[in-house]
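Student: This is the structure alone, sequence omitted:
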């Protein structure tokens, strides 16, 4: 009764266990496949992977590592949100609080910060690899396009997150970045034809990004919402399209012989 | 018992010549349906974009007073309105005043007035300007912009940020815009 095998058997016969795991697992080809497509978290993954697709020297695994970085950023980001107020008077001191007082705050903040740098670097290496192996060619042209949008979204996540500590670095980065919007033709008040089209600092694209004519409270709040909610939402949707299309276009690209 | 397919055949036979009319009605209703959906989404998208442009701003006023002319010694740059209003009040050696936007024409950072060197210096990329706002070093493409400066009814200097005199490359704004200078 008390020996481990008995306890294991009893647990496996329990109705709760049986309701979660429908059948016993035997290490057979069929059961291994069943474990993949019978699981909501794994069903996006192909049931079987060809040998060539796991050649690390070909793929470098950079797409998967990018997704891994994204998961880390989502988890640490959500936890950081418990201590951070997106307001001019509190943002900077909240970051200091996280760094010096909140238990495990410093490791969370640094995981988020370095993870963000890591994701930007890795996603660019991923793009480089896809380009150099010609994996953007037919039938993968559409997925290349999705990937380019995801790259831009990654940059936008990085850029909006930059402002959140409300330090000198972030403040001036947003100042310069939104001024680039202001200098864009037809969109910004400093671009060509702006006088002819009656584009002013109060109705151009910079105004919409900042929620005003200057980098202040509204700009911080907007960057925060874009960073924490809007862009991640769009990114996740496109990521699923991206991963789905990898499979539909014939699996992860692999060397030709 | 009659099969489903028989019913369908019978139905089509009974409709006879009315079928073409019914098809065009169906096409019409399909177009109305999809059209309404597309229209609804288009209007919503427009509303969503408009939503990002607030009607009321809780920002410092664009029309503000900056004290009496006698408070300003000639040849000085007053930076006390820089932080809140983004404006310098400058009085040249000849006694004339002007108001200048404290905003580098390169990428929009805030330069600082360096009293010892008698120049504005931008901390971002090193652009330098003379006291008149004319650029002479660094990546700035043109002189800094000026605002309308006038005397209010109570005798105080008053800045109107809605009237702007943009710097023209290589030219002294005082010569291009004589009206930007205020002589008291």
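Tutor: It's in. Only a predicted model underlies this, so the values are computations on that prediction, with no experimental measurement involved. Numbers count the residues shown, from 1 in each chain, chains lettered A, B, ... in the order given.
Student: neighbours of residue 36, just the number please.
Tutor: Using chain A. Burial of residue A:36, expressed as a neighbour count using other Cβ atoms under 10 Å in any protein chain shown, amounts to 16. From N, CA and C alone the C-beta is placed, and that goes for glycine too.
Student: not what I meant, chain B
Tutor: Here the number of neighbours of residue B:36 (other Cβ under 10 Å) works out to 10.
Student: And it, how far from chain A?
Tutor: Between residue B:36 and chain A the distance is 25 Å, computed by Cβ to the nearest Cβ, to the nearest Å.
Student: Now that residue: which helix or strand?
Tutor: Secondary-structure element containing residue B:36, defined by DSSP states H and E: helix B:18-51.
Student: how far is that helix from where the chain is centred?
Tutor: Offset of helix B:18-51 from its chain centre (Cα atoms, centre = their mean, to the nearest Å): 36 Å.
Student: Equivalent analysis for stretch A:171-178, please.
Tutor: With Cα atoms, centre = their mean as the basis, the distance from the averaged C-alpha position of stretch A:171-178 to the chain average is 22 Å.
Student: How about residues contacting it?
Tutor: With contacts defined as Cβ atoms under 8 Å, 6 or more residues apart in numbering or on different chains, stretch A:171-178 is touched by A:159, A:162-163, A:206, A:209-210, A:215, A:219, A:223, B:107-109, B:124.
Student: Let's see which of the residues you listed end up in helices.
Tutor: In helices, defined here by DSSP state H, the members of the contacts of stretch A:171-178 are A:159, A:162, A:163, A:206, A:209, A:210, A:219, A:223.
Student: Now flag whichever of those residues is closest to chain B.
Tutor: Within the set of the ones in helices among the contacts of stretch A:171-178, residue A:209 lies nearest chain B; the separation is 8.2 Å, counting by Cβ to the nearest Cβ.
Student: residues in contact with the closest one?
Tutor: When the contact criterion is Cβ under 8 Å, 6+ apart, the partners of residue A:209 are A:178, A:181, A:219, A:222.
Student: May I see the residues you listed organised as JSON lines, with neighbour count and pLDDT added?
Tutor: Formatted as JSON lines, the entries for the contacts of residue A:209 read as follows, by neighbours: other Cβ atoms under 10 Å in any protein chain shown; pLDDT from 0 to 100:
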{"residue": "A:178", "neighbour count": "23", "pLDDT": "93"}
{"residue": "A:181", "neighbour count": "19", "pLDDT": "93"}
{"residue": "A:219", "neighbour count": "22", "pLDDT": "95"}
{"residue": "A:222", "neighbour count": "21", "pLDDT": "96"}
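Student: Using a markdown table, lay out the contacts of stretch A:171-178 together with distance to residue A:107.
Tutor: As requested, those are exported to a markdown table (distance: Cβ to Cβ, whole Å):
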| residue | distance to residue A:107 |
| --- | --- |
| A:159 | 24 |
| A:162 | 20 |
| A:163 | 22 |
| A:206 | 36 |
| A:209 | 32 |
| A:210 | 33 |
| A:215 | 30 |
| A:219 | 29 |
| A:223 | 24 |
| B:107 | 35 |
| B:108 | 36 |
| B:109 | 34 |
| B:124 | 32 |
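Student: pLDDT averaged over the helix holding residue B:36 - what is it?
Tutor: Mean per-residue pLDDT for helix B:18-51: 91.
Student: Sort out which residues of that helix are buried, please.
Tutor: For helix B:18-51, the buried set under the neighbour-count rule, 16 or more other Cβ atoms under 10 Å in any protein chain shown, is empty.
Student: next structured bit after it?
Tutor: Once the chain leaves helix B:18-51, the next helix or strand it forms, by DSSP H and E, is strand B:63-65.
Student: what packs against whatever helix or strand comes next after that following strand?
Tutor: From strand B:63-65 onward toward the C-terminus, using DSSP H and E, the following helix or strand is strand B:76-78. The criterion is 3 or more Cβ pairs under 8 Å, 6 or more residues apart in numbering or on different chains; DSSP states H and E, and the helices and strands that strand B:76-78 contacts are strand B:87-91.
Student: if you set the cut-off to 10 Å instead, what comes out?
Tutor: strand B:87-91, strand B:97-101, strand B:112-114 (3 or more Cβ pairs under 10 Å, 6 or more residues apart in numbering or on different chains; DSSP states H and E).
Student: Which stretch among those strands approaches residue A:113 most closely?
Tutor: Distances from residue A:113 to each of the helices and strands packed on strand B:76-78 were compared using Cβ to Cβ; the shortest belongs to strand B:112-114, at 29.4 Å.
Student: Give the other helices and strands that the closest one contacts.
Tutor: strand B:76-78, strand B:119-121.
Student: and residue A:176, how many neighbours?
Tutor: Residues within reach of residue A:176, counting by other Cβ under 10 Å, total 16.
Student: for the closest residue to chain B within the stretch 51-200 of chain A, what are its contacts?
Tutor: With distances taken as Cβ to the nearest Cβ, the stretch 51-200 of chain A approaches chain B most closely at residue A:179, which sits 3.9 Å away. Shown in contact with residue A:179 (Cβ atoms under 10 Å, 6 or more residues apart in numbering or on different chains): A:188, A:190, A:206, A:215, B:103, B:104, B:106, B:107, B:108, B:109.
Student: Let me know the helix or strand that it is in.
Tutor: Under the criterion DSSP H and E, the helix or strand holding residue A:179 is helix A:168-182.
Student: Any stretches of chain B with poor pLDDT?
Tutor: Flagging of chain B using pLDDT under 70 yields the residue ranges B:1-21.
Student: Return the residues of it in contact with chain A.
Tutor: When proximity is defined by Cβ under 10 Å from any Cβ of the partner chain, chain B lies next to chain A at B:49-54, B:57-60, B:62, B:86, B:103-110, B:123-125, B:161-162, B:164, B:166.
Student: one more time with 8 Å
Tutor: Counting by Cβ under 8 Å from any Cβ of the partner chain, chain B comes close to chain A at B:49, B:52, B:53, B:54, B:57, B:58, B:59, B:86, B:107, B:108, B:109, B:124.
Student: My read is that the last one contacts residue B:109, right?
Tutor: In this case it means residue B:124. Yes: with contacts defined as Cβ atoms under 8 Å, residue B:124 counts as touching residue B:109 at a distance of 3.8 Å.
Student: follow-up on the earlier one: got the helices and strands packed on strand B:76-78 as JSON lines, with mean neighbour count columns?
Tutor: As requested, the helices and strands packed on strand B:76-78 are exported to JSON lines (neighbours: other Cβ atoms under 10 Å in any protein chain shown):
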{"stretch": "strand B:87-91", "mean neighbour count": "24"}
{"stretch": "strand B:97-101", "mean neighbour count": "25"}
{"stretch": "strand B:112-114", "mean neighbour count": "15"}
